[in-house]
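Peer 1: after the sequence you'll find the predicted model.
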Protein chains: 6
Amino acid sequence: MRPSRRAPDAMRPVSLERAVTRHAEGSCLVKFGDTHVLVTASLEEKVPAWMRGTGKGWVTAEYGMLPRATHERTRREAAAGKQSGRTLEIQRLIGRSLRAVVDPIALGEKQIVIDCDVLQADGGTRTASITGAFVALHDCVEWMRARNIVPAQAKVLRDHVAAVSCGLYSGKAVLDLDYAEDSDAEADANFVLTGRGGIVEIQGTAEDEPFSEAQFAELLVLAKKGIGELVEIQKKALGL
Amino acid sequence: MRPSRRAPDAMRPVSLERAVTRHAEGSCLVKFGDTHVLVTASLEEKVPAWMRGTGKGWVTAEYGMLPRATHERTRREAAAGKQSGRTLEIQRLIGRSLRAVVDPIALGEKQIVIDCDVLQADGGTRTASITGAFVALHDCVEWMRARNIVPAQAKVLRDHVAAVSCGLYSGKAVLDLDYAEDSDAEADANFVLTGRGGIVEIQGTAEDEPFSEAQFAELLVLAKKGIGELVEIQKKALGL
Amino acid sequence: MRPSRRAPDAMRPVSLERAVTRHAEGSCLVKFGDTHVLVTASLEEKVPAWMRGTGKGWVTAEYGMLPRATHERTRREAAAGKQSGRTLEIQRLIGRSLRAVVDPIALGEKQIVIDCDVLQADGGTRTASITGAFVALHDCVEWMRARNIVPAQAKVLRDHVAAVSCGLYSGKAVLDLDYAEDSDAEADANFVLTGRGGIVEIQGTAEDEPFSEAQFAELLVLAKKGIGELVEIQKKALGL
Amino acid sequence: MRPSRRAPDAMRPVSLERAVTRHAEGSCLVKFGDTHVLVTASLEEKVPAWMRGTGKGWVTAEYGMLPRATHERTRREAAAGKQSGRTLEIQRLIGRSLRAVVDPIALGEKQIVIDCDVLQADGGTRTASITGAFVALHDCVEWMRARNIVPAQAKVLRDHVAAVSCGLYSGKAVLDLDYAEDSDAEADANFVLTGRGGIVEIQGTAEDEPFSEAQFAELLVLAKKGIGELVEIQKKALGL
Amino acid sequence: MRPSRRAPDAMRPVSLERAVTRHAEGSCLVKFGDTHVLVTASLEEKVPAWMRGTGKGWVTAEYGMLPRATHERTRREAAAGKQSGRTLEIQRLIGRSLRAVVDPIALGEKQIVIDCDVLQADGGTRTASITGAFVALHDCVEWMRARNIVPAQAKVLRDHVAAVSCGLYSGKAVLDLDYAEDSDAEADANFVLTGRGGIVEIQGTAEDEPFSEAQFAELLVLAKKGIGELVEIQKKALGL
Amino acid sequence: MRPSRRAPDAMRPVSLERAVTRHAEGSCLVKFGDTHVLVTASLEEKVPAWMRGTGKGWVTAEYGMLPRATHERTRREAAAGKQSGRTLEIQRLIGRSLRAVVDPIALGEKQIVIDCDVLQADGGTRTASITGAFVALHDCVEWMRARNIVPAQAKVLRDHVAAVSCGLYSGKAVLDLDYAEDSDAEADANFVLTGRGGIVEIQGTAEDEPFSEAQFAELLVLAKKGIGELVEIQKKALGL
């Protein structure tokens, strides 16, 4: 039995609260159980230098954890003077995941910067970030549409995108690992899928022993179930 | 009339919510109107090198703003690779303010690290941080007392401490400036006082024209009123 | 047809040259076609601080590209003052991949540092690095065994490990992408497998359109073929 | 009695030597007793990016201490790779203090950079810096006037500005603390006033026990006396 | 007798292999015995800001050592976050040495960046770098000439340039020190001369005892002999 | 004729003022004409980690220029976040030059840190630094001797050391170049010699055209003359 006493295919309670901060064009407080991430989407007039004049837009992401989001306090990256490899890896993943569902021409030559700041961590911060970031990004695009910065009919977001982790725990495939489960899992994989079930990203890692193809297939089955649920929750939150 | 339509001596609505994050020994979400700061207090076994073996404890603070806490997104300090002068100045102020009411011998050779992270900014982030940090620090000390890390009778906190800003707006002294007021104020001062009215820190700055001694005295009168109210709110939040 | 005119399931010519540098305990010049990586394995007496006294060893990796390994010169990371997110991500992957086949107790409380420096890049630098690093690591362990630093019978390496990339090019699954293919691929995945076929790492990314589960399964079939070949080449190079 | 044997309201001997370095448009070697600061004012054609095209000028300041200006050698900030929080705080204060008496329109779209480098420290380095910087700034403006870079009649400097520290030592208010007094003071405040007695900056800090409003008023009385004397010394040095 | 058993005036075997990397406009793998340096020359359209519009070109150099080029692994400079003083000193020397034989007007407003990366070190890495860099630079210029980026007749390189170290070992002047000799030498000097024997750079350092003018003259005699041989090897490699 | 109207073999007026700062164990304000450098020698109990337990002492140096020591203001290295290659090169040279005349065993396991800060620059800052640093170092050693930190009879300094630059100006060898001469010189060399005429360091660089052996010999003749004079001035300053 998993430490969380959840069924192997059960997600933690998920909530997506919109418009949680006053200044951002889009924002979302996403909770996967005790993992809480505040996501903002900020519209910027300037795209990166290498995109200027292309007529295409860009979505990028930054990620951070408050120092005491974790069990033990971790050093503040601003004080350390650099972002860790883990941070850079996660924010690159978030950016790629969102761009997979954005039509850059429909967006027009603008940049949207997504900030994912973990207020409280209990495993799965990157998957919660992606899932919540889609909502903040959606609201940012609607904010732009309301001001005719994107045309009324433009389909900037081509699909939903959401993410979940799965893992092998005591030899069994389980969905949406919390911190305690993640620490003891034999394998751990993150899946980013679209609303129509297309695969955007897969990252799987064996912790101790390599895992088999069959085990990996089980993880993918769970991921599809979980992400199906997450997309429903996104739709409900967005009133779609 | 001030932009906020408040009376010159009126604070914004203030709230202090305790125990808002799962891992920290003490925490507080402090709101001064639209300024929201998440404060955590983390107990660490190790004091700074220069204090080892003295038997005395230490309280230090770090401060940060989420990139989109502000009207325009500001650059993430972790990505920039350093903390700004403004950030360093504020976190030094917060640390000094708290140490002014801590008995380092009663605390014992431990360090408490205060993290103040601004989720949403609308002026007065440093004064809100100090006011909320006192609550988080208090709860951290009680957490320690409950585990006999500090003795049952030890008086670690010798008094309350809270802070407020005052300023000259259209020539008139006003209390607790929000962002719009702060941007147009002719002078701006931050006061840190104890529960008994002792002065811990005063920082006053003329923006354009120097101000007079009489004007400064008016600001101090307002500050004492405001901080009196803040200490009452602290007491109520803490059930004292 | 792929730009390289290779069959979809054909690897580039692969070579693994051992003992290519005079000072390192183990070294390997690995070539996957025009991708050339110089790998060294360095024995260090000291393990990371958090491992001291555990009796267990550690393998870690660093990765770099010479500035003109690429078509256009890229900025030297030492001059830029930091390693890019891509570099950090790759070197974390190499380290995890190798540790997956190392028995840390058999190694004993030592650290082996793997350095992978790309002399010439044409796609697949991370997969070539892992494949060559296994050889350098093997020779470092044998160097230690010859000096009784690891016991004669100790099985430090529990299996082979190698890596290859696969991708979807013009809708078709192809093995071992070179730079031209990688730039135009619709999807790109890196697989790290053991000699017995266990999965150590999977990283798959859609470039433009999400890909399907069936397509992903095709990539995995190719990867198993390619890594089977790489393990044979490792064995031949090592005289096993 | 204070360690320096000075009367409570007595400044240290102060001197302001002009034109002490060959290249700068304005310069001043300021001494407050054993505290010696070399100040230069450098004219630059370029204002900060956010001021371009406004027709207004800017004055900014940087501060540093030679490593052995102090009792014990301190680490060179250039070697450490960053300026300390204390340094940043002081140079921000110097810049603000000078801007308070500069008419940016009369100056025109130019930048004057003030460098304050402490050759020898014995307390009060920031107040000596401000007092000497006014002289260097004045000479830089006259240098510009002599070359018609500012018009003959332009009143760029609207008033004098000078600074002094005061503190509570053994319970008594004293003026212009040296290092020994500062180390033992119960409170410490820096005042920046104009020639006409307007307040530009006040920074007061309790070291151990909070201080009272009455005590603060005493400090301000001393500060006004001291700054009155400093402004006279400035006038004499400048031949006004 | 020297540890290498070479005659006092004998160089190590030297080889210069051209076109060793696929992407660079010019490249050379230079070996002075066991010292191996991979040199590339990269053409860039942009000159440094301070040269724009002058019609003149620029040659600059960067230098690095692979971490395990040395007996003991040295820390990767990219990971350390900065280049050492030794690295900066060497790359400045390489750049100056090459510019001494380049006609910047004949080159035209382009920049050539030389990268010298030490694959294996055994003393004399800076002298090997300069000697090989001349070959890579030559091939880069010919690459440009073949594409009419420099005119057919333009004499961009006015002479050869090469470098060698000499030292006092057991009181005797010896040519081209390897690592073992360098570690025990009483003095150590690097000479950069042109093909016609002109002096471009001399750097001599006493290790323990100062050396005499007569001893220095002996070193210069050896250097001229060695560099004469190196220039012949350059000519042969370049088919001149 | 040289811009300074000095005879080719004439030094600028040189002065060495001792004990110019209150805290340092030794100090010297050295002037070579308009080049002014403040040098301090600081005794530290701790030697570098790699020397602990050897019983030997160490002398090291740091170098800096005040931002407006130069004609145009240069960026403050502490603000830039790193020391330039030029700075690192100079401070390494100063340290090596001093160590050439120090007996590390006679010094005992202590470290002396030399700080050379250029207050005003007009060419020759490194040679003035070395010449003045000898005086500061001497006084630091005598300070130690007076306190029995080095034995009464210990000969810590084995000889004098001083430095001067020479160059080819309009084809003629000249001594002690100032900034105007240095900017137009065809070649430029720095010599560090001992009191007995031994060579410690030679650094010669051709600016445009290579120079000849005969020209270099002329420079060395001038250097010996100049350094002879500098050593006399050192002796006089030190009362030897």
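Peer 2: Arrived safely. Computed from a predicted structure; not experimentally measured. Residues are numbered from 1 along each chain as shown, chains lettered A, B, ... in the order given.
Peer 1: excluding chain neighbours, what is closest to the residue in chain A that chain E sits nearest to?
Peer 2: Chain E sits closest to A:Lys82 of chain A, with a gap of 7.7 Å, by C-beta to the nearest C-beta. (Glycine included, C-beta is placed from N, CA and C.) Closest residue to A:Lys82 apart from its sequence neighbours, by C-beta to C-beta, 6 or more residues apart in numbering or on different chains: B:Gly81 at 5.9 Å.
Peer 1: quick one on the thing from earlier: from C:Lys82, how far off is the residue of chain A closest to chain E?
Peer 2: 6 Å (C-beta to C-beta, to the nearest Å).
Peer 1: let me know whether the residue nearest to A:Lys82 touches A:Ala79 as I believe.
Peer 2: No: the criterion here is C-beta atoms under 8 Å, and B:Gly81 misses it with A:Ala79 at 10.9 Å.
Peer 1: one step back: can you get me a residue count around the residue of chain A closest to chain E?
Peer 2: If you count neighbours by other C-beta atoms under 10 Å in any protein chain shown, A:Lys82 ends up with 18.
Peer 1: need the overlap of contacts for A:Lys82 and C:Lys82.
Peer 2: Common contacts of A:Lys82 and C:Lys82 (C-beta atoms under 8 Å, 6 or more residues apart in numbering or on different chains): B:Gly81, E:Gly81.
Peer 1: beta-bridge partners for A:Ile112, please?
Peer 2: Beta bridges link A:Ile112 to A:Leu43, A:Val59, judged by DSSP bridges.
Peer 1: and the pLDDT at it?
Peer 2: In this prediction, A:Ile112 carries a pLDDT score of 98.
Peer 1: what is the burial count for it?
Peer 2: A:Ile112 has 25 neighbouring residues, counting by other C-beta under 10 Å.
Peer 1: most proximal residue of chain A with respect to chain D?
Peer 2: Closest to chain D within chain A is A:Gly81: 7.7 Å, counting by C-beta to the nearest C-beta.
Peer 1: now the phi/psi pair for that residue, please.
Peer 2: The phi/psi pair for A:Gly81 (degrees, to the nearest 10) reads phi 90, psi 0.
Peer 1: tell me how many other residues crowd it.
Peer 2: For A:Gly81, using other C-beta under 10 Å, the count is 17.
Peer 1: quick one: contacts for it?
Peer 2: By C-beta under 8 Å, 6+ apart, the contact set of A:Gly81 is B:Gly81, B:Lys82, D:Lys82.
Peer 1: can you give me the strands in chain A?
Peer 2: With DSSP state E, the ranges of strands along chain A come out as A:14-18, A:26-32, A:35-44, A:58-65, A:111-120, A:161-169, A:172-175, A:187-194, A:199-206.
Peer 1: which of those strands has the highest mean neighbour count?
Peer 2: Neighbour counts (mean count of other C-beta atoms under 10 Å in any protein chain shown) averaged over each of the strands of chain A peak at strand A:161-169, with a mean of 27.
Peer 1: so what strands line up beside it?
Peer 2: Paired with strand A:161-169 in the same sheet, following DSSP bridges, are strand A:172-175 (antiparallel), strand A:187-194 (antiparallel).
Peer 1: what sits against A:Glu201?
Peer 2: Counting by C-beta under 8 Å, 6+ apart, A:Glu201 touches A:Leu93, A:Arg96, A:Ser97, A:Ala100, A:Ala163, A:Asn190, A:Phe191, A:Val192, C:Gly204, C:Thr205, C:Ala206.
Peer 1: export the residues you listed to TSV and tack on distance to F:Val118 and pLDDT?
Peer 2: Converted to TSV, the contacts of A:Glu201 look like this (distance: C-beta to C-beta, whole Å; pLDDT from 0 to 100):
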residue	distance to F:Val118	pLDDT
A:Leu93	49	97
A:Arg96	50	96
A:Ser97	53	97
A:Ala100	56	96
A:Ala163	57	98
A:Asn190	55	98
A:Phe191	60	98
A:Val192	57	98
C:Gly204	58	96
C:Thr205	53	96
C:Ala206	58	95
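Peer 1: so what's the residue nearest in space to the middle of chain A closest to, chain neighbours aside?
Peer 2: Note on chain A: the residue nearest the mean C-alpha position is A:Ile130, at 1.1 Å, using C-alpha atoms, centre = their mean. Residue nearest to A:Ile130 in three dimensions, not counting chain neighbours: A:Ala163, with 4.0 Å by C-beta to C-beta, 6+ apart.
Peer 1: ok, that neighbour touching A:Thr127?
Peer 2: Yes: with contact defined as C-beta under 8 Å, A:Ala163 counts as touching A:Thr127 (3.9 Å).
Peer 1: what do the two both touch?
Peer 2: Common contacts of A:Ala163 and A:Thr127, defined by C-beta under 8 Å, 6+ apart, comprise A:Asn190, A:Val192.
Peer 1: ok so, going back, using JSON lines, lay out the strands paired with strand A:161-169 together with distance to E:Ser170.
Peer 2: Compiled in JSON lines, those are given as follows (distance: least, C-beta to C-beta, whole Å):
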{"stretch": "strand A:172-175", "distance to E:Ser170": "71"}
{"stretch": "strand A:187-194", "distance to E:Ser170": "62"}
